[in-house]
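Participant: Predicted structure and sequence below. I'll ask about it afterward.
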Amino acid sequence: MKRALLVAAMLLLTLALVACGGGDGDTAEEVGDAQLGQQLFNTGGSTGTGCVTCHTLDGTELVGPSMQGISERAGERVEGQSATEYLRESIVNPSAHLVEGYDNLMPDIYEDALSEDEINALVAFLMTQ
């Protein structure tokens, strides 16, 4: 009897934690290694061209839009997409959703050039912005 109550209590606690957690994967900790993502943002990893070539973190515009505040904007860009889904798609399929006022200049090499962990890391880093 005690065991059944303990199991039931643990199940309820687990369900409560899942419900409170949101479950949409929109925090950096749930996505990947943000520290590695910052390195990749700056260096580009195996691509040799960092995101900083075209994107800033301070609001300044370059070739592409600034990433300042992207974690807040990303979830509102495409209806039905979470911030992490939008950011991931923007990395692996950059022409899917162009930001108004910017040309389609981002290379579409990242899905093949970066590992899944590296893409997750980039998304995690961007979720800290």
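Facilitator: Thanks, I have the structure now.

Participant: Please make it C-alpha for all contacts and neighbour counts, starting now.
Facilitator: OK.

Participant: Hmm, residue 87 and residue 96 touching each other?
Facilitator: No. Counting by Cα atoms under 8 Å, residue 96 does not reach residue 87; the two are 11.0 Å apart.

Participant: Please say which of the two ends up with more neighbours.
Facilitator: More crowded of residue 96 and residue 87, by other Cα atoms under 10 Å: residue 87, with 25 against 12.

Participant: ok, the more buried one to residue 48 distance?
Facilitator: Separation of residue 87 from residue 48 (Cα to Cα, to the nearest Å): 20 Å.

Participant: do residue 111 as well
Facilitator: Distance, residue 111 to residue 48, using Cα to Cα: 14 Å.

Participant: So if I had to pick from those two, which one is more boxed in?
Facilitator: Neighbours per residue (other Cα under 10 Å) separate residue 111 from residue 48, with residue 111 holding more: 16 against 10.

Participant: contacting residues around that one?
Facilitator: With contact set as Cα atoms under 8 Å, 6 or more residues apart in numbering, residue 111 has these partners: 91, 92, 93, 119.

Participant: now with 6 Å?
Facilitator: Listed by Cα atoms under 6 Å, 6 or more residues apart in numbering, the contact set of residue 111 reads residue 92.

Participant: Pull out the CA atoms of stretch 120-127 and give them to me as PDB.
Facilitator: Only the C-alpha atoms of stretch 120-127 are listed here, as PDB (Å, rounded to 0.1, in the frame of the first residue of the first chain):
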ATOM      1  CA  ASN A 120      21.800  23.000 -31.100                       C
ATOM      2  CA  ALA A 121      24.600  25.000 -29.500                       C
ATOM      3  CA  LEU A 122      24.100  28.000 -31.800                       C
ATOM      4  CA  VAL A 123      20.300  27.900 -31.100                       C
ATOM      5  CA  ALA A 124      21.100  27.800 -27.300                       C
ATOM      6  CA  PHE A 125      23.500  30.800 -27.600                       C
ATOM      7  CA  LEU A 126      20.900  32.800 -29.600                       C
ATOM      8  CA  MET A 127      18.300  32.000 -26.900                       C
END
